[in-house]
Structures are given as structure tokens and as C-alpha cells.
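Participant: Structure, please.
(one chain, ligands or ions: 1)
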Amino acid sequence: MPRLLVRRPSPRLADGELTHLDRVPVDADLALAQWRAYVDAFRSRGWDVVEIEPADAQPDGVFVEDAVVVFGDLAVLCRAGAGSRRGEAETVRAGVTASGIETADIVEPGTLDGGDVLKVGRVVYVGASARTNADGIAQLRALLEPRGWEVREIPVTKVLHLKSGVTALPDGTVIGYEPLVDDPALFPAFAGVPEEHGTAVVVLDEHTVLMSSDAPETADAHRARGLDVVTVDVSEFEKLEGCVTCLSVRVRD
Ligand code: CIR
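Facilitator: As a prediction, the model looks like this:
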């Protein structure tokens, strides 16, 4: 069964970084309940969910996807683009090494947020965003190309991270809400979705995706393609520019 790393939300979640959204009240108790339901969606399918050490002093620590990206048996520990988030990677490292995976680090002056990395087959799309810089992308390329991955840089100016704008369905089709995608033509197979919160899916298996409950038309479109759709309410995380992908990292297939 796949293994997933998660970290419970900090009571300080409401103080997390914001770039494109205005700050609105966040209900920390509701966030915790939503996070538990999210985790249960995986556990109830038999996934091995590993909780990494809480980082309650770090408001954005729940968004573990940004701290590490896994490529087979290599985990790349990121160097966050936001200074406030630099402390998150060390505790994530402990969770990754406990899974017996080799690690490599993105180092200064490089920055890389895992939310900017989208894998589709052996192609790795990396967002050149406000969080991920050219040096971080070059370091990632140097790590991955000898291992048989192809790294393609994608401009990201309209949303926080590449994966705030696009993710991929099980068949490799890249989906996104077009007003927030810089250039859909950069993806060989692209399909638009009708709602902003419909852009993020986590692939549970080749027939099933997990997505936000705040995109019902998109869920129907996925069902019309023959997919099973599991929805979770992640409203409190969406207020902080988070989504279903950001709340976990798959470390083993
Ligand atoms: C941040 O700005 O860093 C957090 N408030 C949200 C991070 C969301 N992560 C992601 O899209 N991968």
C-alpha cells in the first residue's frame, strides 16, 4: 500500500503566508476536523499514513507537500521560497529517512517549493514561481536528469505554485482552471476545468481521484470521464492558498 506523510495543522494556521488572497478568518478547530477527514480518506483505503512531528510554531507546516518531493527512491528536501517556511524541512526529513529513502537537499541560493513540482510519467514540470527560483530548478535538474527524468520549466505568475493552477489525472491529462494557467499549450494533453478549486486532484488509484468539495461541476466532469471522485471539504486550507495536494506527500508506491 502507498505510504503518505502528513502533519497536523498548527493552531496558528490563520497566520500562514498569503500572496494572492486577502486574509479572512480561519477556524482552527474546523481545520483540524477537515484535516482528520482528509487523512481518513487515505487510511480508509488502506494507505499507510505516517504523521510527522507537529510543527505548531510554523503556521504553514501542514502543507507538507512543499517541503519534500519524492522521485522513486530519492527524496529531495526543498529550501522554501518563503523565509517563514524554511524551518519546516528538517522535521519532514526525519519522516522521510524513517521510510528508508535516500535524500538530497536543495541548497542556497536555490529555492524550491514542492507545490511547484508536477510529475507526469517521467516528465517533471517545475514552476518558475515567486517561490521557486532558477537556481533551485537547476539543482533539481542536476539531480533528476541522470536518473532518467526530464525536467521542464513552466512559468507561474497567476497563482502561488504550479500545482495551484494545474495537476494531472491518472491518465496523465493535465487539468487546470484556464484563467489561472499561464500557458496551457505547454502541456501535451491539457483539459480545462470550470472551477478554481477543481484544479487540484490527488490520484488515489488509476480510477479514483480525491478533490475539494468546492468544485461540484468539475467533479461531475471527472465522473463523465469514467473516474470515481472522492471529495473532502478543505475550506480552511483554501483560505491560506492551500489545496488537497499540499496536505500530503506520497513517499512510497
Ligand atoms: C503558503 O503561502 O506557503 C501557504 N499559505 C500555502 C501553501 C500551499 N501549498 C501548495 O500549494 N503546495
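
Participant: mind listing what Val26 touches?
Facilitator: Listed by C-beta atoms under 8 Å, 6 or more residues apart in numbering, the contact set of Val26 reads 13-14, 236, 239-240. Any C-beta I mention is one placed from the backbone N, CA and C, and that applies to glycine too.

Participant: and the residue in the stretch 1-150 of the chain that the ligand sits nearest to, what is it in contact with?
Facilitator: When scored by C-beta to the nearest ligand atom, the stretch 1-150 of the chain has Gly115 as its residue closest to the ligand, at 2.3 Å. Going by C-beta under 8 Å, 6+ apart, Gly115 touches 63, 65-66, 127, 131, 160-164, 245-246.

Participant: Tell me the confidence at it?
Facilitator: The per-residue pLDDT reported for Gly115 equals 98.

Participant: from memory Ala168 sits against Leu118, does it?
Facilitator: Yes - at 6.4 Å, Ala168 counts as touching Leu118 under the criterion of C-beta atoms under 8 Å.

Participant: overlap in contacts of those two?
Facilitator: Residues touching both Ala168 and Leu118 by C-beta under 8 Å, 6+ apart: Val174.

Participant: want to try CSV for the contacts of Gly115, with pLDDT, neighbour count and secondary structure as columns?
Facilitator: Below are these laid out as CSV (pLDDT from 0 to 100; neighbours: other C-beta atoms under 10 Å; DSSP: H, G, I helix; E, B strand; the rest coil):
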residue, pLDDT, neighbour count, secondary structure
Phe63, 98, 30, coil
Glu65, 97, 28, helix
Asp66, 98, 30, helix
Gly127, 98, 28, strand
Arg131, 98, 25, coil
Leu160, 97, 28, coil
His161, 98, 29, coil
Leu162, 98, 27, helix
Lys163, 97, 28, helix
Ser164, 96, 27, helix
Thr245, 98, 23, helix
Cys246, 97, 26, helix
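
Participant: of those, list those near the ligand.
Facilitator: Among these, the residues within reach of the ligand (C-beta under 6 Å from any ligand atom) are 63, 65-66, 160-161, 163-164, 246.

Participant: Those residues: which two are farthest apart?
Facilitator: Largest separation among those by C-beta to C-beta: Glu65 and Leu160, giving 12.0 Å.

Participant: Find me the pLDDT at the most far-flung residue of the chain relative to its centre, would you?
Facilitator: Within the chain, the residue lying farthest from the chain centre (C-alpha atoms, centre = their mean) is Ala224, at 24.8 Å. At Ala224, the pLDDT value in this model is 97.

Participant: on that earlier part again, looking at the contacts of Val26, which are in strands?
Facilitator: Of these, none are assigned to strands by DSSP state E.

Participant: Can you flag which of the residues you listed belong to helices?
Facilitator: Within those, membership in helices is found for Glu236, as judged by DSSP state H.

Participant: can I get the contacts of Val26 in CSV with pLDDT and neighbour count?
Facilitator: Below are those laid out as CSV (pLDDT from 0 to 100; neighbours: other C-beta atoms under 10 Å):
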residue, pLDDT, neighbour count
Leu13, 97, 25
Ala14, 97, 18
Glu236, 98, 23
Lys239, 98, 20
Leu240, 97, 25
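
Participant: With respect to Ala104, which of the contacts of Val26 is nearest?
Facilitator: The closest of these, once distances to Ala104 are taken by C-beta to C-beta, is Leu240, at 28.3 Å.

Participant: I figured that closest one hits Thr19, correct?
Facilitator: No - using C-beta under 8 Å, Leu240 is not in contact with Thr19; the gap is 10.2 Å.
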